[in-house]
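*Asks:* have a look; sequence and predicted model below, questions after that.
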Amino acid sequence: MRDQIIKAQRAEITEHHIYKRLAKQTKKEANKEILNRIADDELRHYNIWKKFSKREVAPSRWDIKKYYWIARIFGLTFGLKIMEQGEERAQINYGEIGKEIPEALQISQDENNHENELIAMIDEDQLKYIGSIVLGLNDALVEILGTLAGLTFALQNNKLVALAGIITGIAGALSMSSSEYLSNKSEGNEEGAVKSAIFTGIAYVFAVIFLVVPYFVFTSPFVSLAVAVFNSVFIVFLFTFYISVANEQSFRKRFTEMVALSTIVGLISFGLGYLARIIFGIEV
């Protein structure tokens, strides 16, 4: 029981320092206020545990650095939710401690309800425009992977396939960005129209780079295509994991949907490329 209390105490003081450090670096005043409120809650919880452990507990310096930089790089919401689900928290059995210390159940409830509500109030562009990012990534993965698959069978020349992929990718990124801009503006969202277009375009270009690079690295067009498919699945995995954590959605369902869609389009394009090569007698 004493070990459990000390683990809980260390988790609280560690997270107190993480929230305080992030609050100092945050420019938005609303976010700064939320982070400071959660930091104060963590310190209050620490002091409750301290009454029972009868000792001071030092924070984990490694966890402070780790979660601080995760939050700085990938966004506050993602970083904080990853932290709240962390291994240190998972090892604390609040129900068992609550049999001896009733306050433990109240602390657990605070962690699950109050702090999660505060985290949900954090205002971030990454989450505000997540729909635009999904649109850009999904369209690029489906469209460019399909194009590469078809051209790989039709042309069987890495340089030509890569060139076509880059041209298609740039045109697609510009097209998707402008469409997203006009769509938001027509809905009266003039303030967010430009940002939506930028996020869509950046996500599209990011996906294109990952898909086309193998054609510059490998000599065999089919090996290049296989690596491009792997990269596609890898991108979907990373982004789906990000969304599932940040928005608390089902990882498996979203991941399966995106992979299945990309695979179906890729296979259809593969077949069309093969037929085009036979019908038109293309030899490069």
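*Replies:* Good, I have the coordinates. In this text the structure is predicted, and so the values were computed from the model without any measurement.

*Asks:* in terms of helices and strands, where is the residue most central in space within the chain?
*Replies:* Geometric centre of the chain, nearest residue: Tyr242, 2.4 Å, by C-alpha atoms, centre = their mean. For Tyr242, the element it lies in under DSSP states H and E is helix 221-246.

*Asks:* any idea of the mean pLDDT for that helix?
*Replies:* The average pLDDT for helix 221-246 rounds to 83.

*Asks:* so which elements touch it?
*Replies:* Other helices and strands packing on helix 221-246, by 3 or more C-beta pairs under 8 Å, 6 or more residues apart in numbering; DSSP states H and E, are helix 76-84, helix 130-155, helix 158-186, helix 190-212, helix 214-217, helix 251-280. C-betas here are computed from N, CA, C, even on glycine.

*Asks:* change it to 10 Å
*Replies:* helix 61-74, helix 76-84, helix 125-128, helix 130-155, helix 158-186, helix 190-212, helix 214-217, helix 251-280 (3 or more C-beta pairs under 10 Å, 6 or more residues apart in numbering; DSSP states H and E).

*Asks:* least reliable of these by average pLDDT, please.
*Replies:* Taking the mean pLDDT of those, helix 125-128 comes last: a mean of 62.

*Asks:* isn't the residue nearest to the centre of the chain up against Ile70?
*Replies:* No - in this structure Tyr242 lies outside contact range of Ile70 using C-beta atoms under 10 Å: 11.2 Å.

*Asks:* now do the shared contacts for those two.
*Replies:* The contact sets of Tyr242 and Ile70 overlap at 78, 82 (C-beta atoms under 10 Å, 6 or more residues apart in numbering).

*Asks:* pull the contacting residues for the closest residue to Glu103 other than its chain neighbours.
*Replies:* Closest residue to Glu103 apart from its sequence neighbours, by C-beta to C-beta, 6 or more residues apart in numbering: Ile48 at 5.4 Å. By C-beta under 10 Å, 6+ apart, the residues touching Ile48 are 5, 8-9, 12, 101, 103-104, 106-107.

*Asks:* among the residues you listed, which ones are buried?
*Replies:* By neighbour count, with 16 or more other C-beta atoms under 10 Å, the contacts of Ile48 hold 5, 8-9, 12, 101, 104, 107 as buried.
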